[in-house]
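Engineer: Predicted model follows, preceded by the sequence.
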Amino acid sequence: MMMNNMDNLNIILKPGERLDELHRNDYKIIQSTNQFCFGMDAVLLSGFAKVLSGETVLDLGTGTGIIPILLEAKTPGRHFTGLEIQEESVDMAKRSVILNKLEDKIDIVYGDIKEASKIFGMASFDVVTSNPPYMNHSHGLVNPNSAKAIARHEILCTLEDVVREAAGVLKPNGRFYMVHRPFRLVDIINTCCLYKLEPKRMRLVYPYINKEPNMVLLEFVKGGGRNLLVEAPLIVYKEPGYYTEEILEIYGYNKK
């Protein structure tokens, strides 16, 4: 192991780990090349989700804690919790919380998404977020790396598990935010409606303006009425290698 003194904290980086800049409040995150590293989908979800002053947030399947850390930086929420079943990711997430001096604002909990309502109690959060596995067993090859396979395929939890537990821990009129793939959209909306989570906002993400969308950002309200707002498309690249201004703003790259 090697010791790194940063922000007056001695943070232990284990073999294969690195520190990545988050471009928000000088926050950093510990990641490992052996684990599933966060991607653009998590960053876009943190920009799409709305968290109001005093609200509490649960992130289901938090990985290394990217969404709670970014939401703490971007929103006036009161407290953020990440639930994760992979022990290595939990360990990195907890050390990232300490590194960024966020112990009073963020909790990282080791546990199974399928048990979230038992772990935290029913109707215990104002907001739930999730960047769940996109693929079920009929979609694509499963990565031989178990940690990456769990992040990408519905191995340890299904879409219905995520939706059911989100609905369980949400307070009445609480909001559920998810990023997923457009080809699962029918399944997502049908499953959410089954658990009384009504779609309220949707935004499709396009790699280029002339390409098909490859991500979808969704907001559901527990017990909400049926009134879906489809927002303007979010375009990632204006030309190869160059992000659009909106993507730069979401990432925080163009902050002075």
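Structural biologist: Perfect, I can see it now. Numbers count the residues shown, from 1 in each chain.

Engineer: ok, which stretches of the stretch 151-256 of the chain are helices?
Structural biologist: Remark: helices assigned in the stretch 151-256 of the chain by DSSP state H, counting those that start in this stretch are 159-169, 185-194, 245-251.

Engineer: Of the ones you listed, which stretch is the most buried?
Structural biologist: A comparison of those by mean neighbour count, using mean count of other Cβ atoms under 10 Å, puts helix 159-169 on top with a mean of 23. Placement of C-beta: from N, CA and C, glycine included.

Engineer: Any chance of JSON lines for the helices of the stretch 151-256 of the chain, columns mean pLDDT and distance to residue 51?
Structural biologist: Below are those laid out as JSON lines (pLDDT from 0 to 100; distance: least, Cβ to Cβ, whole Å):
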{"stretch": "helix 159-169", "mean pLDDT": "97", "distance to residue 51": "15"}
{"stretch": "helix 185-194", "mean pLDDT": "96", "distance to residue 51": "19"}
{"stretch": "helix 245-251", "mean pLDDT": "96", "distance to residue 51": "15"}
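
Engineer: and residue 102, which of these is closest to it?
Structural biologist: Each of the helices of the stretch 151-256 of the chain was scored for nearness to residue 102 using Cβ to Cβ, and the closest is helix 245-251 (19.5 Å).

Engineer: For that closest one, enumerate the helices and strands it packs against.
Structural biologist: If you count contacts as 3 or more Cβ pairs under 8 Å, 6 or more residues apart in numbering; DSSP states H and E, helix 245-251 packs onto helix 40-48, strand 234-235.

Engineer: Output the helices of the stretch 151-256 of the chain in TSV, with distance to residue 117 appended to each entry.
Structural biologist: As requested, the helices of the stretch 151-256 of the chain are arranged in TSV below (distance: least, Cβ to Cβ, whole Å):
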stretch	distance to residue 117
helix 159-169	3
helix 185-194	16
helix 245-251	31
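
Engineer: among these, which is nearest residue 82?
Structural biologist: Residue 82 lies closest, by Cβ to Cβ, to one member of these: helix 159-169, at 13.1 Å.

Engineer: what angle do that closest one and helix 185-194 make?
Structural biologist: Angle between the axes of helix 159-169 and helix 185-194 is 30 degrees (criterion: axes from the mean of the first three to the mean of the last three Cα atoms, to 10 degrees).

Engineer: CA atoms of helix 159-169 as PDB?
Structural biologist: Presented in PDB, the C-alpha positions along helix 159-169 are these (Å, rounded to 0.1, in the frame of the first residue of the first chain):
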ATOM      1  CA  LEU A 159     -35.300  -3.900 -12.600                       C
ATOM      2  CA  GLU A 160     -38.300  -4.900 -10.500                       C
ATOM      3  CA  ASP A 161     -36.200  -5.300  -7.400                       C
ATOM      4  CA  VAL A 162     -34.900  -1.800  -7.800                       C
ATOM      5  CA  VAL A 163     -38.300  -0.300  -8.500                       C
ATOM      6  CA  ARG A 164     -40.100  -2.200  -5.700                       C
ATOM      7  CA  GLU A 165     -37.500  -1.100  -3.100                       C
ATOM      8  CA  ALA A 166     -37.500   2.500  -4.300                       C
ATOM      9  CA  ALA A 167     -41.200   2.600  -4.000                       C
ATOM     10  CA  GLY A 168     -41.000   1.100  -0.500                       C
ATOM     11  CA  VAL A 169     -38.500   3.500   1.000                       C
END
